[in-house]
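K.L.:
Sequence first, then the predicted structure:
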Amino acid sequence: IVKVVDQDGNPVAGVYVQLCDDGSCYAPVITDENGVAEFFKPGITGAMTKVMMAEGYTFSEEYTNFAEGENTVTLTITKNAE
């Protein structure tokens, strides 16, 4: 599970994220209205997520690693000034 939030902690819908492991990246998933993207890839260890597209936002890290034994990661992106 990947949850994408803005700098104020609000969920961000419509962000493309990928799950990557051992040099392979799987098809991207788009975050829902709760800022959540779910991947169903049993047996993956050492996985990371990759932010692919977040229109109107910037992010400081393109890749984020899952912590040991964790199956959820939260990514924070920053909404661009209007």
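P.N.:
Here it is on my side, so go on.
K.L.:
which residues does Asn80 contact?
P.N.:
56-58 (CB atoms under 8 Å, 6 or more residues apart in numbering). All C-beta spots, glycine's among them, are computed from the backbone N, C-alpha and C.
K.L.:
Which secondary structure state is assigned to Thr49?
P.N.:
Assigned with DSSP: H, G, I helix; E, B strand; the rest coil, Thr49 falls in the strand class.
K.L.:
hang on, the earlier thing: among the contacts of Asn80, which one lies nearest to Thr78?
P.N.:
Thr58 (5.2 Å; CB to CB).
K.L.:
Now the buried members of the contacts of Asn80.
P.N.:
Tyr57 (16 or more other CB atoms under 10 Å).
K.L.:
could the contacts of Asn80 be laid out in TSV, adding secondary structure?
P.N.:
Listed next are those as TSV, based on three-state DSSP:
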residue	secondary structure
Gly56	coil
Tyr57	strand
Thr58	strand
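K.L.:
and of the contacts of Asn80, the nearest to Glu70?
P.N.:
For the contacts of Asn80, the nearest to Glu70 is Tyr57 (23.7 Å; CB to CB).
K.L.:
if I look at the closest residue to the closest one other than its chain neighbours, how far off is Ala37?
P.N.:
Excluding the flanking residues, the one nearest Tyr57 by CB to CB, 6 or more residues apart in numbering is Ile77, at 4.3 Å. Distance of Ile77 to Ala37, given as CB to CB, to the nearest Å: 13 Å.
K.L.:
Pull up the overlap in contacts between those two.
P.N.:
4, 15.
K.L.:
list the buried ones in the worst-scoring helix or strand of the chain on mean pLDDT?
P.N.:
Scoring the helices and strands of the chain by mean pLDDT, DSSP states H and E places strand 48-53 at the bottom, with a mean of 74. Within strand 48-53, the residues that count as buried by 16+ other CB under 10 Å are 49-51.
K.L.:
how about those in JSON lines, adding distance to Gly14?
P.N.:
Converted to JSON lines, the buried residues of strand 48-53 look like this (distance: CB to CB, whole Å):
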{"residue": "Thr49", "distance to Gly14": "16"}
{"residue": "Lys50", "distance to Gly14": "16"}
{"residue": "Val51", "distance to Gly14": "12"}
